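> coords below, sequence missing:
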């Protein structure tokens, strides 16, 4: 079980606030939104990925002590996100493309049939 950063009492993992001192752990009282807090006198923005790439739109930037969007830049560099991309054979890829683009495939078949009929009609 983790400890409260303010009173150092043991708390539940899912606690929204500390039952001893009342310090809030989850933003807006919602258990799914983690509230990140700065330690000491430093600001969260100094070590945040969004501040570094200038995509942060948090109103307290660059002096935020608490933030719901915080993403530690040192942690994100150590843990690269790997996206799983399955490898398909050519036949499987064609089948998958036909399933995803069935409307386009239908239009292409309709145009091909129309051109074939026009070619046959003009050759007679």
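Great, that's in hand. Note that the coordinates shown come from a computational prediction; the quantities given were computed from them, not determined experimentally.
> Tell me which residues are up against the longest helix belonging to the chain.
In the chain, assigned by DSSP state H, the helix with the most residues is helix 102-123. Helix 102-123 is contacted by residues residue 98 when judged by Cβ atoms under 8 Å, 6 or more residues apart in numbering. Every C-beta, even on glycine, is put in place using the N, C-alpha and C of the backbone.
> hmm, 10 Å instead?
Residues outside helix 102-123 that contact it (Cβ atoms under 10 Å, 6 or more residues apart in numbering): 97-99, 101.
> Beyond the helix or strand of the chain with the lowest mean pLDDT, next helix or strand please.
Lowest by mean pLDDT, DSSP states H and E among the helices and strands of the chain is helix 73-78, with a mean of 66. Sequence-wise, the next helix or strand downstream of helix 73-78 (DSSP states H and E) is helix 90-100.
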